[in-house]
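Novice: got a sequence here, can you model it:
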Amino acid sequence: MRYLSAALFFLCFATGALAAEAGTVPTNISAAKMEYNADKQTVVFSDSVHVKRPDFELWSDKLTVHLDRSQKGGAAPASDDVEGMKAGRIDKIVALGHVRMKSEDKEGTCGKATYYAAKDLFVMEDNPVLRQKDNVIRGITISHYMKSGRSEVARPNATFSAPDHTNGGNPLSPDKKEKP
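Specialist: All right, here's what the predicted structure looks like:
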């Protein structure tokens, strides 16, 4: 479970905030139910999932952590085993259903959010929306490469706050007369 809490979390938006790096960050996950499946290498939190870190919160109907023993480094060493579970390293984390995220003054919603550990890539799907104050971006998918800070939005629709130039401040206004 140490790897689970070290990788959670993952869901930060296009802000440059990264998943837990060298150190650990206290992460609390609450849900009505949790199930670990050694054969499938999954940990599933379901029903009213809430992930809370000092810098980030996430809510969803379901959160599935997919583990992969074959990743570089292999399975967790025996000293990290919890009653012989031999959980692998995190491959990906998927939040499903009414996904809502909050970090400082930024909020995001979508139907599905996936973090791919090997690529350090976070993808929002199913009507993704990111908001920061009056700024809003929507698209088919919103992808954020955590290490590089690069984001891609498929078919974006963005609304940004801009200065109000309605009282004579807009030099391109058609009612402005050019002075000779």
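Novice: okay, buried residues for stretch 98-116 please.
Specialist: By neighbour count on 16 or more other Cβ atoms under 10 Å, the buried set for stretch 98-116 is 99, 101-103, 106-116. C-beta here means a position set from N, CA and C on the backbone, and glycine is covered the same way.
Novice: inside strands: which ones of those?
Specialist: 99, 101-103, 106-116 (DSSP state E).
Novice: lowest-confidence member of these, which is it?
Specialist: Lowest in pLDDT among those is Ser103, which has 88.
Novice: partners of that residue in the sheet?
Specialist: Going by DSSP bridges, Ser103 is paired in beta bridges with Lys106.
Novice: please apply the same query to Arg53.
Specialist: Applying DSSP bridges, one finds that Arg53 bridges with Phe56.
Novice: from Val25, how far off is it?
Specialist: From Arg53 across to Val25, the span is 5 Å (Cβ to Cβ, to the nearest Å).
Novice: look at these two and report which has more neighbours.
Specialist: Arg53 (22 against 15; other Cβ atoms under 10 Å).
Novice: what's the pLDDT at the more buried one?
Specialist: pLDDT, Arg53: 87.
Novice: that one reaches Ile29, doesn't it?
Specialist: No: using Cβ atoms under 8 Å, Arg53 makes no contact with Ile29, being 9.8 Å away.
Novice: ends of stretch 125-135, how far apart?
Specialist: 19 Å (Cα to Cα, to the nearest Å).
Novice: who's in contact with His126?
Specialist: Wrong residue type there; residue 126 is Asp, not His. 110-112 (Cβ atoms under 8 Å, 6 or more residues apart in numbering).
Novice: pull up the gap between it and Met34, please.
Specialist: 24 Å.
Novice: for His144, same thing?
Specialist: For His144 relative to Met34 (Cβ to Cβ), the value is 27 Å.
Novice: so which of these two has more stuff around it?
Specialist: Neighbours per residue (other Cβ under 10 Å) separate His144 from Met34, with His144 holding more: 23 against 14.
Novice: following element in sequence after the worst-scoring helix or strand of the chain on mean pLDDT, please.
Specialist: The weakest-scoring helix or strand in the chain, judged by mean pLDDT, DSSP states H and E, is helix 2-7 (a mean of 30). Per DSSP states H and E, the first helix or strand lying C-terminal to helix 2-7 is strand 28-30.
Novice: list the helices and strands that next one packs on?
Specialist: Of the remaining helices and strands, those touching strand 28-30 by 3 or more Cβ pairs under 8 Å, 6 or more residues apart in numbering; DSSP states H and E are strand 42-53.
Novice: residues in contact with the strand it packs on?
Specialist: 4, 8-9, 11, 25-37, 57-67, 87, 95.
Novice: buried sites along it?
Specialist: For strand 42-53, by 16+ other Cβ under 10 Å, it's 42-46, 49, 51-53.
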